[in-house]
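Novice: Take this sequence and fold it.
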Amino acid sequence: MRLSGINMKLLTYKTQDTEPRLGFIHNNQVIDMEDFGEISNFPLPNDMLELIDMGFEIIAEITEMVSETPENFFEEICYEMDEVTFLAPIEKPRKNIIGIGLNYTEHVAESARTLDTTVKLKKKPIIFSKPPTTVTATNTEIIKNTKLTEQLDWEVELAVVIGKKGKYVAKEDAMDYVFGYTVINDISARDCRREGQWIVSKGQDTFAPMGPILVTKDEIENPHNLNLTLKVNGIEKQNSNTKFLLFNINDLIEDLSIVFTLEPGDIIATGTPSGVGAGRNPQEWMYDGDVVEATVEGIGTIVNTVKEI
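Specialist: Coordinates of the predicted model:
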């Protein structure tokens, strides 16, 4: 169910006076979800994972209530955009983020030139993971631990958030298991790969900037036709489209659900296109003070600054 004029764009936010709270964007303002539930006599949660646990059907109910609520009712429960701090939509995932490697053709080629990977296209997705402690929000620092890495790299990605439990999901049914989408910058320390294992390279604290919002799936007409871009210090480094995914979202959900059970709130980072620093000639890395902006069409932009320690 999709109601014209209603954007179910969800966020986790805080103000100077509040702890992290769940909200949604309406008329370019942030509406507190729990407070909206109170004025609607319909209890709603104050946490993104709790909302996802209620099932995707709750989104249609909320959008209908929003459409039926007089605009003046929102005045007491809204904030202007500049009054809130955007946090990661899911601040503390219950499990590791599921990462997909080498999932765009040109990225396979550039990685083969400079990293320990082959140019052959894969027959099955390459799966890795990032611990929950990698998650950070837009407008925060990416920590570059110089004792661990001198080769800090960027990767803009579309992230899929799972909405219900699934095992052995057929690809034609996969979208039924999607709750929504967000942006992830899959920060990677290229000199921390250990005998083909990626978790040290991918799993350091702050290596998964995420946000700025979580867009419910009904707001994205076709997730396989979204532009992705990334800039470092204002200079474009990546520019592609999700139509070039080797394994699309349906493929990934089918494959992953064979391996392990997918659960509400699981996050799948679907892979990055070409243009990463490791694939450039000469190679490029991020340093103290560098500002990186990752954008996915229809969702938004996350901006982070590198901090060396």
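Novice: after the helix or strand of the chain with the lowest mean pLDDT, next one along is what?
Specialist: Among the helices and strands of the chain, helix 105-114 carries the lowest confidence by mean pLDDT, DSSP states H and E, at a mean of 61. Reading on from helix 105-114 to the C-terminus, the next helix or strand found by DSSP states H and E is strand 126-130.
Novice: helices or strands up against the helix or strand following that next one?
Specialist: Next along the chain after strand 126-130, taking DSSP H and E as the criterion, comes strand 135-136. In terms of contact count using 3 or more CB pairs under 8 Å, 6 or more residues apart in numbering; DSSP states H and E, strand 135-136 is assigned the packing partners strand 208-216. Where C-beta positions appear, they are placed from N, C-alpha and C, glycine not excepted.
Novice: The next helix or strand after the strand it packs on: partners in the sheet, and parallel or antiparallel?
Specialist: The element immediately downstream of strand 208-216 (helix or strand, assigned by DSSP H and E) is strand 227-232. Strand 227-232 has the following strand partners under DSSP bridges: strand 235-241 (antiparallel), strand 291-296 (antiparallel).
Novice: Compare those strands and give me the one nearest P89.
Specialist: Closest approach to P89 among the strands paired with strand 227-232 is made by strand 291-296 (13.0 Å; CB to CB).
Novice: Whatever helix or strand comes next after that closest one to strand 291-296, inter-axis angle?
Specialist: Elements were assigned by DSSP H and E; along the chain past strand 291-296, the next helix or strand is strand 300-308. Relative orientation of strand 300-308 versus strand 291-296 (axes from the mean of the first three to the mean of the last three CA atoms, to 10 degrees): 150 degrees.
Novice: could you dump strand 300-308 to CSV, C-alpha only?
Specialist: Extracted C-alpha coordinates of strand 300-308, given in CSV (Å, rounded to 0.1, in the frame of the first residue of the first chain):
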residue,chain,number,x,y,z
GLY,A,300,20.5,10.6,0.6
THR,A,301,24.1,11.4,1.4
ILE,A,302,26.3,10.5,4.4
VAL,A,303,29.3,12.8,5.1
ASN,A,304,32.2,11.7,7.3
THR,A,305,35.7,13.1,8.1
VAL,A,306,38.8,10.9,8.6
LYS,A,307,40.5,11.2,12.0
GLU,A,308,44.0,9.7,12.4
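Novice: That strand pairs with which strands, parallel or anti?
Specialist: strand 140-144 (parallel), strand 291-296 (antiparallel).
Novice: in that strand, what counts as buried?
Specialist: Across strand 300-308, burial judged by 16 or more other CB atoms under 10 Å covers G300, T301, I302, V303, N304, V306, E308.
Novice: quick one: average pLDDT of that strand?
Specialist: On average, the pLDDT along strand 300-308 is 98.
Novice: relative orientation of that strand and strand 208-216 in degrees?
Specialist: Using the same axes, to 10 degrees: strand 300-308 against strand 208-216 is 170 degrees.
Novice: now strand 300-308, how far from the centre of its chain.
Specialist: Remark: strand 300-308 is offset 14 Å from the chain centroid, using CA atoms, centre = their mean, to the nearest Å.
Novice: what sits up against that strand?
Specialist: For strand 300-308, the external contacting residues (CB atoms under 8 Å, 6 or more residues apart in numbering) are 136-144, 146, 152, 183, 185, 209-213, 286-295.
Novice: which among these end up buried?
Specialist: 136-138, 140, 142-144, 152, 183, 185, 209-213, 286, 290, 292-295.
Novice: Who are the contact partners of P273?
Specialist: By CB under 8 Å, 6+ apart, the neighbours of P273 are Y104, E106, H107, V156, L228, Q238, N239, S240, N241, F244.
Novice: Could you let me know which of those residues ends up closest to I267?
Specialist: Set against I267, the nearest of these by CB to CB is V156 (15.3 Å).
Novice: how about the closest one, what does it touch?
Specialist: Contacts of V156 (CB under 8 Å, 6+ apart): V183, N185, L228, T229, L230, Q238, T272, P273, A294, T295, V296.
Novice: and what of T149?
Specialist: A189, R190, D191, C192, Q204.
Novice: and it, what element?
Specialist: T149 belongs to no helix or strand, assigned by DSSP H and E.
Novice: Can you tell me the closest non-neighbouring residue to it?
Specialist: A189 (3.6 Å; CB to CB, 6 or more residues apart in numbering).
Novice: Many thanks, I have nothing further to ask.
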